[in-house]
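Colleague: based on what follows, work out the 3D shape:
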Amino acid sequence: MPLPSPIPALAILLLAGTALAAPSRLPEPPPAGADAGLLALDARARAGDAQAQLDLADAYGDVPFDRPADVARASAWYRLAAATPDPVLRRQACAALGTLEAGGMGWPENIAAALPWYRCAADLGDVQSQFNLGLLYDEGVDVPADAAQAEAWYRRAAEGGLVLALERLGALAERGHDRDAAARLYGEAAAKGDVAAVHALARLKRGGPSPQVVGIGLAAQSQDPATVKPAPRPVPGQPRTPPAAVGADELRLIQQRLRDLGYLHGPADGRLGARTANAILAYEAAHPAVWDETAPPPDGWPGRDLLARLSRP
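Modeller: Numbers count the residues shown, from 1 in each chain. Purely as a prediction, here's the structure:
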């Protein structure tokens, strides 16, 4: 079934000529004191190597919390990488720019600016961007709420293997009063390890109220109305260094599981950057350790309890 057009054709043309345009000049050079590895990567990127441009953008934008991100440089290099004819690199760069504009790397959230980049990546087959578009239309964030559009994008993401999309399809079906379809979709997601779907299926069987879409932007999750909480947001003064809870190998396991469930869009590289922390926040919001008012607030840090919860079938 063909997808409905998410935005009018004229708007697509305008976006393609503005938001998706590559920078007219090369980004700023590396900051003073940059290490030799970064300088070598910068030289390759300036010579036109699209893979180096993408890697350099990652080096600036998704860094461990013991040093600050340079999101302005990251954005400029991602935009250059997004202009490459290589569809794989272009997809990765567009998806990263969507995440960046949506606030996933510490940049102020701007969903309207994220939308065309997510559409670029989604059209190139990026399942997380397909899911994000579904979520935006599901919630009506900077676009009119549209259940048909949300379902179409969620379905593409689910067909691409994104487990979280199955749970959201179940919530859409339940809100549309198709309890049989909702039970089937929740069951599929639960069998693949989505804990929220397990709770949703149990609630559905006991006749509980249908879920509401709650929260703001891409951090929102579908929750039982009785347990609705505000979406998590990093707060000023939040500690920048995580507690010594898990090592790099264990963090890679956490990242891989978050990737499998559709929360993390990025490498499982064993380092805690902004993308990983935001993925943990979103997962914790949808999968509280206790499903009532006693649930601890999400903190975005990887710990052994989180690893244990993610490791359960």
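Colleague: give me the neighbour count for Lys205.
Modeller: 11 (other Cβ atoms under 10 Å). All C-beta spots, glycine's among them, are computed from the backbone N, C-alpha and C.
Colleague: same check on Ala268?
Modeller: Neighbours around Ala268, by other Cβ under 10 Å: 17.
Colleague: relative to Val195, how far out is it?
Modeller: To Val195, Ala268 is 20 Å away according to Cβ to Cβ, to the nearest Å.
Colleague: domain assignment for this structure?
Modeller: In terms of domains, the chain is parsed into 9-24+38-126, 139-213, 248-311 (source: automatic domain parsing).
Colleague: where does the stretch 1-150 of the chain dip in pLDDT?
Modeller: The model of the stretch 1-150 of the chain has pLDDT under 70 over residues 1-24, 63-69, 106.
Colleague: skipping its backbone neighbours, what lies nearest Trp107 in space?
Modeller: Among residues not flanking Trp107 along the chain, Val71 sits closest, at 4.7 Å (Cβ to Cβ, 6 or more residues apart in numbering).
Colleague: state the distance from that neighbour to Glu28.
Modeller: For Val71, the distance to Glu28 (Cβ to Cβ) stands at 12 Å.
Colleague: neighbour-wise, which of the two wins?
Modeller: Shown here are Val71 and Glu28; by other Cβ under 10 Å, Val71 has more neighbours (20 against 10).
Colleague: tell me who's in contact with the more buried one.
Modeller: Val71 is in contact with Tyr60, Gly61, Leu100, Met105, Gly106, Trp107, counting by Cβ atoms under 8 Å, 6 or more residues apart in numbering.
Colleague: want to throw those residues into CSV with distance to Ala81?
Modeller: What follows is the contacts of Val71, written out as CSV (distance: Cβ to Cβ, whole Å):
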residue, distance to Ala81
Tyr60, 12
Gly61, 12
Leu100, 12
Met105, 15
Gly106, 19
Trp107, 17
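Colleague: nearest to Cys94 among these?
Modeller: Nearest to Cys94 among these is Leu100, at 10.6 Å by Cβ to Cβ.
Colleague: ok, now how distant is the closest one from Gly134?
Modeller: Using Cβ to Cβ, Leu100 is found at 20 Å from Gly134.
Colleague: residue contacts, Tyr263?
Modeller: Each residue near Tyr263 by Cβ under 8 Å, 6+ apart is listed here: Leu164, Ala279, Ile280, Ala282, Tyr283.
Colleague: now the residue lying closest to it once chain neighbours are set aside, what's its secondary structure?
Modeller: In space, Tyr263 comes closest to Ala279 once its chain neighbours are excluded; the distance is 4.2 Å by Cβ to Cβ, 6+ apart. Ala279 falls in the helix class when you classify it by DSSP: H, G, I helix; E, B strand; the rest coil.
Colleague: tell me, what's the model's pLDDT at Ala279?
Modeller: We note a pLDDT of 78 for Ala279 in this prediction.
Colleague: circling back: include distance to Ala32 when you put the domains of the chain into JSON lines, please.
Modeller: Shown next, in JSON lines, are those (distance: least, Cβ to Cβ, whole Å):
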{"stretch": "domain 9-24+38-126", "distance to Ala32": "11"}
{"stretch": "domain 139-213", "distance to Ala32": "38"}
{"stretch": "domain 248-311", "distance to Ala32": "23"}
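Colleague: distance-wise, check the nearest residue to Thr84 once chain neighbours are set aside relative to Glu139.
Modeller: Take Thr84 and drop its neighbours on the chain: the residue closest to it by Cβ to Cβ, 6+ apart is Ala50, 3.7 Å away. Going from Ala50 to Glu139 by Cβ to Cβ gives 33 Å.
Colleague: next: Ile254.
Modeller: From Ile254 to Glu139 the distance is 27 Å (Cβ to Cβ).
Colleague: repeat for Ile111
Modeller: Per Cβ to Cβ, Ile111 is found 10 Å from Glu139.
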